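> Sequence and computational prediction follow.
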Number of protein chains: 2
Amino acid sequence: MSDANPILASSEQSIRAYQQAIAQSSQAVVQWLQQPEMYQGKTVAELRERITLDFNPEGLGNQAAIERAIDYFLKDSLSVHHPQCVAHLHCPSLVISQAAEVLINATNQSMDSWDQSPSATLIEIKLIEWLRSQVGYPAGDAGVFTSGGTQSNLMGLMLARDAFFARRGHSIQQDGLTGDLRKIKVLCSRHAHFSVQKNMALLGLGYQSVTLVKTDRYARMDMNDLAEKVAQAEANGEQILAIVATAGTTDAGAIDPLRAVASLAAKHQIWMHVDAAWGGALLLSEKYRDYLDGLELADSVTLDFHKQFFQTISCGAFLLKDARHYELMRYQAAYLNSEFDEAQGVPNLVAKSLQTTRRFDALKLWMGLEALGQKQYAEIIDHGVTLAQEVARYVTEQAAFELVMEPQLASVLFRYRPAQMAAADDASVALLNQQIGDALLESGRANVGVTEFAGVTCLKLTLLNPTVSLEDIKILLALVEHTAQELLNA
Amino acid sequence: MSDANPILASSEQSIRAYQQAIAQSSQAVVQWLQQPEMYQGKTVAELRERITLDFNPEGLGNQAAIERAIDYFLKDSLSVHHPQCVAHLHCPSLVISQAAEVLINATNQSMDSWDQSPSATLIEIKLIEWLRSQVGYPAGDAGVFTSGGTQSNLMGLMLARDAFFARRGHSIQQDGLTGDLRKIKVLCSRHAHFSVQKNMALLGLGYQSVTLVKTDRYARMDMNDLAEKVAQAEANGEQILAIVATAGTTDAGAIDPLRAVASLAAKHQIWMHVDAAWGGALLLSEKYRDYLDGLELADSVTLDFHKQFFQTISCGAFLLKDARHYELMRYQAAYLNSEFDEAQGVPNLVAKSLQTTRRFDALKLWMGLEALGQKQYAEIIDHGVTLAQEVARYVTEQAAFELVMEPQLASVLFRYRPAQMAAADDASVALLNQQIGDALLESGRANVGVTEFAGVTCLKLTLLNPTVSLEDIKILLALVEHTAQELLNA
């Protein structure tokens, strides 16, 4: 049966209900954390069969609804903190993030206007100022928290597009795209995130606008090819909106040569956006900060804290070097950011965001930085990068494994190819590796990525989790081998 | 000092840290709920002065970081549950949402691929199926949870754009916009949400592409003007991508005549999107469900559960009537939604979303529906709509207040204009009402919206909160009057 007053408010009854709901759900989390399995192994069909919404006239009440969520959702969740859960750029989260979320959700502040989030707005602004200083940008507060890297990349590409046309006296915001659009291009490496393509389609320019630059043997943008593609484009009368450099490609973790790209972009007056959704974590590194050399030269930057900053989803940011470019997306709504307000210096962050109602994700990073401090944040970030190097070394020592790429950030790309498959064609090896990944997940014992890298279907370990050791990965690799042998014998 | 292991995991130490962090933060929430003030009244400058990030080498540890967040953020948050906090479409949230958030954040499932969110993916799919049945759509699962209404509207407009060109044999996704883009139009009422403009700018068509349709005296789309604008556009050789109808305009809460719009759109083969971010709550209403008559005829629908469904931010959805239109935005990434996976029927929701990494917001609505049940959900939604009618009646009875618009959903637009200002010009009355709003927030006693409606600067009460009574609003109106008199005397 449902409660008399279901809203979180100041009444005694509501407070009691809140305390009970938090206690019940957090205790369930503790039990779930202690489940030894990474995943209970149910198939899509089994989950589909099992899960049904119980929306009845009277309501189940909080306690029963939580019990059902534990049974149907929590127990069959993927344990992202599990040492053998290493498939994706999907991190276990900080304990302090959980506390931040309790505050974020109870207050339910909305970041679009100051009068919906007074202290929260100032915390977000100060954190953007701080992030800019870490990147090496001039002092200022041009930037905003986003739902993640894809949205941050969209903001970078949109402003690059609009700035490009603005320099030619044309307002995209007001008048839309014009001219021969097939001549408009964006350059990024062939290992850049697929959101470049998806976002260019959204922005009205299509996949055709994306010119893929070759990469070197470490999956980094090949500067010779970039220079050639720029020259070619100019010779063809094409116009380049932006060069998107990646600091941390999804699979190889490759970081494009940022300083060299910036220099070329500056020479041709092209907007440079850096997708540092993953590699941006190195801003806090002690050992690897220099990998980001040149980041400060970018016109805009994507950061993502729900990756190697270990924040819960969602937590991303977009930084814009020159605040004046924000004018390109300015919109005034009487009820949110009136001229009257703005004349009085009231900061209404809706003007900086593609979202309207927006959660206070910034608090998680703020509290994480304060709680962990510089040394510990550096430690948990550096751990993954160093571990990947150790794992790669170990992989090369095993006869049945092939290392597909030297690690650069915290991922290892490899495939299983035992002696008995030395003569097998690539398609059979590819299928075996795909089946290994699927069988491991089905068994609930491990989650390993399956991807294609430079035409080779391979397995991927994304070693974000700082509680994982080389020993854990040796266990995982033994499991891969064991599973492969079972598949080959079957 | 920071903790030895800051990650949420299965170790005893981590579990203890988690329990402490949840206890400390949730107890702070309880104390904050009991703060009698709506807001502590600090100015932007005071907050800016006070708040500083303490990022030091050693870290403060969880406990001190939480204490600082309580002091700098929580105490100076806006109490959105407070009975005099009625400025925006910004809701107090359900207690059960808080429990759902505990589960969402501890598990940190990512909705882009099934292997990052096995049970969560199925729950989201089932909930989309259920929402479709509520709207009156054919059975299916075309739809996805979004970060909010602005993003849902973007999806609707993008698919409308791409479907329009696809019917002419042109793929926007592949080849981008083409032709005379100044001839491409979208129609919506002059009271539609500003995200129509912002999104059309993002999509490359500019504000110029948005033709505003006149509204009737209730701020609803004027069907004669719509028919005329469509005819005009056709006569001018313009092409209409979409008609966006609104079910619940931000200020007046007006619901456009959905069935009539749908009939006109169908006749001209124009995509109809309905922005039901606010009014969609009436899907669960007992008294007012018929306001949404015709919603089922739309090609796509925006719903937003962090408004009158009382979920914490973020929680929105996008529904697409015909699943085939999802093909327009299909993109395949080897590591997320490979052909191999898709051939095996593994549901990877990244294909349905503009986001990649995405939080499991669907759980909040799922648990809310189960806990409250049909009757109670209807009650808390209907409460606001009925209260707005009562408040409007009361306002018209007060000599010093003018009702600016009959309420339709849960908002009341009015202004203060006492007898002594009978001869004052509109600008003076406007300034006074703006100052009333600012003074109330500054005093920390109430948050009332200030907006402009049909050229009139007015105050706005958005009466979402089901714990608010007519008596609370009478107190608020007395406060408005008192504040106004102080301002006039000063």
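Arrived safely.

> What residues does the stretch 201-350 of chain A have near chain B?
Residues of the stretch 201-350 of chain A found near chain B (Cβ under 8 Å from any Cβ of the partner chain) are A:201-209, A:250-251, A:304, A:306-307, A:310, A:312-314, A:329, A:331, A:333-335, A:338, A:340, A:345-347. For every residue, glycine as well, the C-beta is placed using N, CA and C.

> Narrow the residues you listed to those in helices?
A:Ala201, A:Leu202, A:Phe340 (DSSP state H).

> Need the nearest residue in space to the second one, chain neighbours excluded.
What that stands for is A:Leu202. B:Met158 (6.0 Å; Cβ to Cβ, 6 or more residues apart in numbering or on different chains).

> Can you read off the pLDDT for that neighbour?
In this model, B:Met158 is scored at 98, pLDDT.

> So it versus A:Gln197, what's the distance?
As judged by Cβ to Cβ, to the nearest Å, B:Met158 and A:Gln197 stand 14 Å apart.

> before we move on, the earlier item: now the element after the helix or strand encompassing the residue nearest to A:Leu202, going C-ward?
Per DSSP states H and E, B:Met158 falls inside helix B:149-167. Per DSSP H and E, the first helix or strand lying C-terminal to helix B:149-167 is helix B:172-175.

> picking up where we left off before, out of the ones in helices among the residues of the stretch 201-350 of chain A next to chain B, which one sits closest to B:Gln34?
A:Phe340 (33.9 Å; Cβ to Cβ).

> Give me the neighbour count for the closest residue in space to that closest one that isn't next to it in sequence.
Distances taken as Cβ to Cβ, 6+ apart place B:Gln434 nearest to A:Phe340, at 5.7 Å, with adjacent residues excluded. Residues lying near B:Gln434 (other Cβ atoms under 10 Å in any protein chain shown) number 19.

> got the contact list for B:Gln434?
By Cβ atoms under 8 Å, 6 or more residues apart in numbering or on different chains, B:Gln434 lies in contact with A:Phe340, B:Val450, B:Thr457.

> And the residue in the stretch 101-250 of chain A positioned nearest to chain B, what's its pLDDT?
As assessed by Cβ to the nearest Cβ, chain B sits closest to A:Gly204 within the stretch 101-250 of chain A, at 2.6 Å. Note on A:Gly204: pLDDT of 98.

> ditto for A:Arg330
At A:Arg330, pLDDT is 87.

> hang on, the earlier thing: so which of the residues of the stretch 201-350 of chain A next to chain B are in strands?
A:Asp304 (DSSP state E).

> buried subset of the residues of the stretch 201-350 of chain A next to chain B?
Burial by neighbour count, judged by 16 or more other Cβ atoms under 10 Å in any protein chain shown, picks out A:201-209, A:250-251, A:304, A:306-307, A:310, A:312-314, A:329, A:333-335, A:338, A:340, A:346-347 from those.

> contacting residues around the closest residue to chain B within the stretch 51-200 of chain A?
Residue of the stretch 51-200 of chain A nearest chain B, by Cβ to the nearest Cβ: A:Gly59 (2.6 Å). For A:Gly59, the contacting residues are A:Met1, A:Ser2, B:Glu370, B:Ala371, B:Leu372, B:Gly373, B:Gln374, B:Lys375, B:Gln376, B:Tyr377, by Cβ under 8 Å, 6+ apart.

> can you confirm it is in a strand?
No: according to DSSP: H, G, I helix; E, B strand; the rest coil, A:Gly59 belongs to no strand; its state is coil.

> how near is it to B:Ser189?
Taken as Cβ to Cβ, the span from A:Gly59 to B:Ser189 is 36 Å.

> Repeat that for A:Leu283.
46 Å.

> got it, and A:Glu406?
In terms of Cβ to Cβ, A:Glu406 sits 58 Å off from B:Ser189.

> which SS state does the closest residue to A:Gly449 other than its chain neighbours fall under?
Closest residue to A:Gly449 apart from its sequence neighbours, by Cβ to Cβ, 6+ apart: A:Lys460 at 3.3 Å. Following three-state DSSP, the label given to A:Lys460 is strand.

> I'd assumed A:Ala252 was in contact with A:Lys460.
No: using Cβ atoms under 8 Å, A:Lys460 is not in contact with A:Ala252; the gap is 9.2 Å.

> what residues do the two have in common as contacts?
Joint contacts of A:Lys460 and A:Ala252 (Cβ under 8 Å, 6+ apart) are A:Ser411, A:Leu413.

> Mind pulling the model confidence for whatever residue of the stretch 251-400 of chain A ends up closest to chain B?
Residue nearest to chain B within the stretch 251-400 of chain A (Cβ to the nearest Cβ): A:Gly373, separated by 2.6 Å. Listed pLDDT for A:Gly373 reads 98.

> Compute the number of surrounding residues for it.
Neighbours of A:Gly373 (other Cβ under 10 Å): 22.

> The residue nearest to A:Phe340 and A:Asn153, how far apart?
Distance from B:Gln434 to A:Asn153, by Cβ to Cβ: 38 Å.

> Strands of chain A, residue ranges please.
Using DSSP E, strands in chain A cover A:143-146, A:184-189, A:210-213, A:239-246, A:271-275, A:300-304, A:316-320, A:401-405, A:411-416, A:449-453, A:456-462.

> chain center to the first one: distance?
To tie it back to what came earlier, the one meant is strand A:143-146. Here strand A:143-146 shows a centroid-to-chain-centroid distance of 14 Å under the convention Cα atoms, centre = their mean, to the nearest Å.

> Which positions within the helix or strand bottoming out on mean pLDDT in chain A qualify as buried?
Counting by mean pLDDT, DSSP states H and E, chain A has its least confident helix or strand at helix A:339-343, which shows a mean of 77. Neighbour-count burial for helix A:339-343 flags A:Phe340, A:Asp341 (criterion: 16+ other Cβ under 10 Å).

> ok, now stretch A:31-38?
In stretch A:31-38, residues buried by neighbour count (16+ other Cβ under 10 Å) are A:Trp32, A:Leu33, A:Gln35, A:Met38.

> Spit out the contact partners of the first one.
Contacts for A:Trp32 were tallied using Cβ under 8 Å, 6+ apart; they are A:Ile70, A:Leu74, A:Lys75, A:Ser77, A:Ser79, B:Ala106, B:Thr107.

> any idea how far the first one lies from B:Leu103?
Per Cβ to Cβ, A:Ile70 is found 8 Å from B:Leu103.

> any common contacting residues for those two?
A:Ala28.

> So for those two, which sits in the more crowded spot?
Set A:Ile70 next to B:Leu103 and count neighbours by other Cβ under 10 Å: B:Leu103 wins out with 25 against 18.

> who touches the more buried one in this structure?
So B:Leu103 contacts A:Ser25, A:Ala28, A:Val29, A:Ala69, A:Ile70, A:Phe73, A:Leu74, B:Leu363 (Cβ under 8 Å, 6+ apart).

> Pretty sure the second one sits against A:Ile66.
Yes: the pair A:Ala28 / A:Ile66 is scored as a contact, 7.2 Å apart, by Cβ under 8 Å.

> Settle it for me: which of those two has more neighbours?
A:Ile66 (26 against 21).

> quick one, what contacts the more buried one?
A:Ala21, A:Gln24, A:Ser25, A:Ala28, B:Ile96, B:Ala99, B:Met367.

> Over to A:Val301?
A:Val301 neighbours (Cβ under 8 Å, 6+ apart): A:Val135, A:Gly156, A:His273, A:Val274, A:Ala276, A:Gly280, A:Leu295, A:Phe318, A:Leu319.

> now the contacts of B:Gln434 as CSV including distance to B:Ala227?
Shown next, in CSV, are those (distance: Cβ to Cβ, whole Å):
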residue, distance to B:Ala227
A:Phe340, 37
B:Val450, 35
B:Thr457, 32
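
> now, which of those residues sits nearest B:Leu464?
B:Val450 (17.6 Å).
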